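Q: below are the sequence and a predicted model; questions follow.
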Amino acid sequence: MARFGASAAMLLCFKKEILEAARKANRMIVNVAVNETWADLKILVPYDQYRHQNGLEDLGEQIEAENPGVVIPPPSMKWMRLVSTIERQYQDGSLPRNAASVIFKVPGKLAAQKLLVEMWVAGNKFCALPYILDRADTLCSTCSKWGHSEFRCQQAAATCTICTGAHRTEEHRCEVAICGKVGKVCPHTEMKCPNCGGRHPAQDARCQAKRAAIEIARGRCANTYRPEVPTEQPRRPPRTPSTSEPDRVNWVPESTRDGPDWMEDPMEVTVNGMEPSGTAPPVAV
């Protein structure tokens with residue numbers, strides 16, 4: 001019922017109503033707060049210490065207790081792999097170093113950067129790493145290719161998503177003195193997609209490679225994309241009137257019966273919502 005453009009502060013005036021409606025969809029929701037960015041991290045922990053039923057809850061409490069300013073929502077703590085797989089490897093002794101990875105969320109980039117520098121759990125210093133789920137629609141910030149993140153990129157040199165230059169996108173700079181934009185597209189930029197070669201950035205919605213990556217991530221198509229190549233439809237030869245037909249019978253050539261030539265291509269029927277100029281060829285009588 002809120003109007004378009006309502007701020008978070010205005011919506012929080014109806015916090016009770018919003019929370020009741022949200023809990024009908026998901027009982028795990030316990031609070032409503034102002035929108036903020038969450039960062040995903042992962043750590044390697046000894047599995048035998050946290051394999052019990054409330055192990056991950058205890059781990060989250062330990063992280064919050066020994067790292068001031070860090071808040072971890074309980075539902076975000078989970079094992080990176082299936083618990084059944086980890087437990088089976090633990091029982092047969094094949095679990096590497098008897099440790100397993102746990103992923104969790106922290107609010108804000110500042111809290112994430114703090115844990116990446118130093119993180120303490122139960123009096124021990126742990127090494128936290130960023131966790132980015134690699135999917136088909138994940139764009140690498142190093143090579144600007146779809147399908148993986150920069151943490152798993154095998155390319156040493158960077159590639160710009162705007163001009164395919166040998167630099168990172170945030171380092172892209174316009175050479176025009178009166179412009180000088182950095183990391184952004186401007187009218188002076190000669191854009192080139194590093195994936196399909198089109199005259200647009202890699203993140204442009206018109207990019208066929210981006211569309212294909214999204215479709216692959218949704219499981220709707222194969223792991224390749226093919227540019228659309230227009231094919232010419234075969235034309236039937238025009239029918240000639242029979243000599244036995246009387247002169248008073250009118251006939252219409254086959255080409256005009258199926259539509260004039262400029263109507264065969266559906267892309268030429270309308271241009272920006274307007275009909276093409278010109279007239280249809282005359283009908284023979």
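A: The structure has been received and is ready for your questions.
Q: could you use CA atoms for every contact and neighbour count after this?
A: Will do.
Q: test my guess that residue 137 contacts residue 213.
A: Yes. Assessed by Cα atoms under 8 Å, residue 137 is found in contact with residue 213 at 4.8 Å.
Q: in the helix or strand harbouring residue 90, which residues are buried?
A: Secondary structure assignment for residue 90, by DSSP states H and E: helix 83-92. Across helix 83-92, burial judged by 16 or more other Cα atoms under 10 Å covers 86, 87, 90.
Q: can you pull the contacts of the last one?
A: Residues touching residue 90, when contacts are defined by Cα atoms under 8 Å, 6 or more residues apart in numbering, comprise residue 98.
Q: okay, it and residue 45: tell me how far apart.
A: 13 Å (Cα to Cα, to the nearest Å).
Q: thinking again about what came up before, now tabulate the buried residues of helix 83-92 in a markdown table and tack on pLDDT and distance to residue 174.
A: Converted to a markdown table, these look like this (pLDDT from 0 to 100; distance: Cα to Cα, whole Å):
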| residue | pLDDT | distance to residue 174 |
| --- | --- | --- |
| 86 | 91 | 51 |
| 87 | 92 | 55 |
| 90 | 92 | 56 |
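Q: dump those into a markdown table; add distance to residue 123 as well.
A: As requested, the buried residues of helix 83-92 are exported to a markdown table (distance: Cα to Cα, whole Å):
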| residue | distance to residue 123 |
| --- | --- |
| 86 | 25 |
| 87 | 26 |
| 90 | 24 |
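Q: so which of those is the closest to residue 106?
A: residue 86 (24.4 Å; Cα to Cα).
Q: tell me who's in contact with that closest one.
A: 95, 100.
Q: same check, this time on residue 131
A: By Cα under 8 Å, 6+ apart, the contact set of residue 131 is 40, 41, 42, 103.
Q: tell me which of those residues is nearest to residue 209?
A: Nearest member of the contacts of residue 131 to residue 209, counting by Cα to Cα, is residue 40, at 26.6 Å.
Q: show the contacting residues for the residue lying closest to that closest one once chain neighbours are set aside.
A: Nearest non-adjacent residue to residue 40, counting by Cα to Cα, 6 or more residues apart in numbering: residue 105, 4.6 Å away. Shown in contact with residue 105 (Cα under 8 Å, 6+ apart): 38, 39, 40, 41, 72, 73, 76, 77.
Q: redo that, cut-off 7 Å
A: 38, 39, 40, 41, 72, 76 (Cα atoms under 7 Å, 6 or more residues apart in numbering).
Q: redo those as TSV? Include distance to residue 195 and secondary structure.
A: Output for these, formatted as TSV (distance: Cα to Cα, whole Å; DSSP: H, G, I helix; E, B strand; the rest coil):
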residue	distance to residue 195	secondary structure
38	29	strand
39	28	strand
40	27	strand
41	29	strand
72	38	coil
76	34	helix
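Q: of the residues you listed, just the buried ones, ChimeraX syntax please.
A: Remark: buried members of those, expressed as a ChimeraX selection using 16+ other Cα under 10 Å:
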select :39,40,41,72,76
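Q: just the pLDDT for residue 50.
A: Per-residue confidence (pLDDT) for residue 50: 92.
Q: pLDDT weak spots in the stretch 101-250 of the chain?
A: 220-250 (pLDDT under 70).
Q: got the CA coordinates for stretch 127-135 in PDB?
A: Output of stretch 127-135 as PDB, limited to C-alpha atoms (Å, rounded to 0.1, in the frame of the first residue of the first chain):
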ATOM      1  CA  CYS A 127      41.500 -17.500   8.000                       C
ATOM      2  CA  ALA A 128      38.400 -16.200   6.400                       C
ATOM      3  CA  LEU A 129      37.900 -16.000   2.600                       C
ATOM      4  CA  PRO A 130      35.300 -14.400   0.400                       C
ATOM      5  CA  TYR A 131      32.700 -16.900  -0.700                       C
ATOM      6  CA  ILE A 132      31.300 -16.300  -4.200                       C
ATOM      7  CA  LEU A 133      29.000 -18.900  -5.800                       C
ATOM      8  CA  ASP A 134      30.300 -19.500  -9.300                       C
ATOM      9  CA  ARG A 135      27.400 -19.800 -11.800                       C
END
